[in-house]
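> Okay, predicted coordinates and the sequence, questions at the end:
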Amino acid sequence: MVADILENLKEELSHMPERIKDGLGKLEDMPERLRDAPDKLQSRGQQVGRRLRERLGDLRDEGEERAWQMEKRALEAAGGLLERASEVPMVAGMAPKVEGAVQDRLGKITRAPIAEYDELNVKAIRAALADLDRLDLRKVARYEEAHKNRKTVLRDVAAEIKRRKAAAGLD
C-alpha cells in the first residue's frame, strides 16, 4: 500500500516539469492578454450598448404602437356610444360637440403624416420618407396598410427604418 502511494507520487512528480513549463508559458502570455483586455472590454461594452439601445428603441416603439391602438379603440368606442346618445336625453344635447371632438382626434391619429398623401405616387412618398421621424415612418406604414396597402411603399418604409438603425449602429 505504501509502495503504491510512493509509486503514484513518483509518477505525479515526473509530470511536474511539464506542468511547470505549461504554467510559465501561460504566465508569459499574460502581459499580452492584459494589454488586449481594455480593448476587448471596450468592444464588448459597445456591442452590449448597441444591443441595449436597439432593444430599448424596440420597446419604445412597441409602447407607442400599443398606446396608439388603445387611443384609436377608445375613440372608436366613444364614437359608437355617441351614435346612441339620442337614447339618453341628458347626453343628447352634448353629443354633437363631443362627437365632433372625437372624430377630429380620430382623424388626427389615423391620417398620414405627409401632406396630400393620397394623391402622391410611390416615388414622391419615397422622397418624403427621409424627412420623417421614426414615429411618423410607422404612421405612414400604418396608414398605407389600412388604405392602398402598396407593398413598395411598405418595403420603402421598412428599408428607411433599417437604414436609420444601421446608421445609428443599432442593427
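Done, it's in. Residues are numbered from 1 along each chain as shown.

> which secondary structure elements does the helix or strand hosting residue 46 contact?
Taking DSSP states H and E as the criterion, the element that holds residue 46 is helix 2-83. If contacts are counted by 3 or more C-beta pairs under 8 Å, 6 or more residues apart in numbering; DSSP states H and E, helix 2-83 sits against helix 95-110, helix 134-146. Heads up, the C-betas are built off the backbone N, CA and C, glycines and all.

> Residue 39 is nearest to which of those?
Closest of those to residue 39 is helix 134-146, at 32.5 Å (criterion: C-beta to C-beta).

> what helices or strands is that closest one leaning on?
With contacts defined as 3+ C-beta pairs under 8 Å, 6+ apart, helix 134-146 has these neighbours: helix 2-83, helix 95-110, helix 122-129, helix 151-167.

> can we see that at 6 Å?
Applying 3 or more C-beta pairs under 6 Å, 6 or more residues apart in numbering; DSSP states H and E, one finds that helix 134-146 makes contact with helix 151-167.

> If you average pLDDT per helix and strand, which one of the protein comes out bottom?
helix 89-92 (a mean of 74; mean pLDDT, DSSP states H and E).

> Can you give the contact residues for that one?
For helix 89-92, contacts defined as C-beta atoms under 6 Å, 6 or more residues apart in numbering pick out 85-86.

> Return the residues in contact with the residue nearest the centre of the chain.
By C-alpha atoms, centre = their mean, the chain has its centre lying nearest to residue 58, at 1.8 Å. Contacts for residue 58 (C-beta under 6 Å, 6+ apart) come out as none.

> and what of residue 42?
Per C-beta under 6 Å, 6+ apart, neighbours of residue 42: none.

> roughly how far apart are it and residue 52?
Going from residue 42 to residue 52 by C-beta to C-beta, to the nearest Å gives 15 Å.

> do the same with residue 131
28 Å.

> Also residue 8?
53 Å.

> Repeat that for residue 132.
25 Å.

> Out of these two, name the residue with the larger neighbour count.
residue 132 (16 against 11; other C-beta atoms under 10 Å).

> Contact partners for the more buried one?
By C-beta under 6 Å, 6+ apart, residue 132 has no neighbours at all.

> Specify the local secondary structure of it.
coil (DSSP: H, G, I helix; E, B strand; the rest coil).
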